[in-house]
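K.L.:
build the 3D model from these lines:
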Amino acid sequence: MDKKLRGQVAIVTGSSSGIGEGVARAFGEAGAKVVINHTRISSANEAEKVKEYIEQAGSKAIIVRADVSREEEVKDMFAQAIQQFGTVDILVNNSGIQRDALFHEMTLEQWNEVIGVNLTGQFLCAREAIKEFLKRGVDEKRSIAAGKIICMSSVHDVIPWAGHANYAASKGGINMLMKTIAQEYASQKIRVNSICPGAIKTAINRIAWETDDALNKLMELIPYKRIGQPEDIGKLAVWLASDDSDYITGANIYIDGGMTLYPGFADNG
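P.N.:
A predicted model of the protein is given here:
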């Protein structure tokens, strides 16, 4: 991979596994110094493996355990990143969880937990990133933008998802959060965009792909007839964080094999 992000510093939240891991690995391959974030003690070993991969790719990485729904932990994560690497150029707001339930059975705890991580977490991290971008300004030796934020959203910012009202609401909220801050800070050369994955082969949706029957059922929703991989998201994130995409801000980029084409209507519905 070209070193499109050489010398830049990226925080990737929720990057010990899944999509976040795919993005962190791709950033390391592209030359970025990466802050690997995870939340649980049980994910520490996974985070170490991501760090080892990035270092073997010739870049640097540190691991910061932080719950993105907690303001002080987010502030501390950014402080550690700046202490270790001097600044932050890129934020990938990736942390996300599901706490699924039928709407009439969903508890307030389930609702608040998902909104807290998926939406409030993106607010807290983006706010700290923008503070750093504004403080540093444009340094063209690093990038022609002052900073880049990638909000990890989902096709479910536009596709309703029964049994997942909290998750879908959080992703819809990310859409307007992203667009609003993109509008607010574009004049200061801060770019903010969203990546909206469809079905990606990660542990969070294992039930949808781990058996042949489940995978065949999933393919009915994907015109391109394959499930996405974390590497697919990583490649897109590198491009979106690089100067190659400098004229793009406030955009939702769907990477879903055509899921948002509403394949049920391919034969007139």
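
K.L.:
what about the most centrally placed residue in the chain, distance to Met178?
P.N.:
When CA atoms, centre = their mean is applied to the chain, the residue found nearest the centroid is Asn94 (2.8 Å). Distance, Asn94 to Met178, by CB to CB, to the nearest Å: 13 Å. In short, each C-beta sits where N, CA and C put it, glycine included.

K.L.:
so which residues of the protein form helices?
P.N.:
For the chain, the helices defined by DSSP state H cover 18-29, 44-56, 71-85, 108-115, 121-136, 165-185, 212-219, 230-241.

K.L.:
contacting residues around the last one?
P.N.:
For helix 230-241, contacts defined as CB atoms under 8 Å, 6 or more residues apart in numbering pick out 1, 4-5, 8, 10, 18-19, 21-27, 29-30, 32, 90, 92, 148, 150, 152, 193, 195, 197, 200-202, 245, 248, 253, 255.

K.L.:
could you do the longest one as well?
P.N.:
Helix 165-185 is contacted from outside by 93, 96, 98-100, 103, 106, 110-111, 113-115, 118-119, 122-123, 126, 130, 133, 149, 151, 153-154, 156-161, 191-194, 196, 249-250, 252, using CB under 8 Å, 6+ apart.

K.L.:
could you list the low-pLDDT ranges of the stretch 151-269 of the chain?
P.N.:
Judged against pLDDT under 70, the low-scoring parts of the stretch 151-269 of the chain cover residues 269.

K.L.:
distance-wise, check the nearest residue to Gln229 once chain neighbours are set aside relative to Ile90.
P.N.:
Using CB to CB, 6 or more residues apart in numbering and skipping residues adjacent in sequence, the residue nearest Gln229 is Lys201, 5.7 Å away. Separation of Lys201 from Ile90 (CB to CB): 25 Å.

K.L.:
neighbour-wise, which of those two wins?
P.N.:
More neighbours surround Ile90 than the other of Lys201 and Ile90, with 29 against 19 (other CB atoms under 10 Å).

K.L.:
dump the residue contacts of the more buried one.
P.N.:
Ile90 is in contact with 5, 8-11, 27, 32, 147-150, 241, counting by CB under 8 Å, 6+ apart.

K.L.:
in strands, which of those residues appear?
P.N.:
9-11, 147-150 (DSSP state E).

K.L.:
hey, C-alpha coordinates of the longest strand along the chain in PDB?
P.N.:
Counting by DSSP E, the longest strand found in the chain is strand 190-197. These are the backbone C-alpha positions of strand 190-197, laid out as PDB (Å, rounded to 0.1, in the frame of the first residue of the first chain):
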ATOM      1  CA  ILE A 190     -11.400  20.400   8.600                       C
ATOM      2  CA  ARG A 191     -13.000  17.600   6.700                       C
ATOM      3  CA  VAL A 192     -15.700  15.400   8.200                       C
ATOM      4  CA  ASN A 193     -17.300  12.400   6.400                       C
ATOM      5  CA  SER A 194     -19.000   9.100   7.200                       C
ATOM      6  CA  ILE A 195     -18.400   5.600   6.000                       C
ATOM      7  CA  CYS A 196     -21.600   3.600   6.000                       C
ATOM      8  CA  PRO A 197     -20.900  -0.200   5.900                       C
END
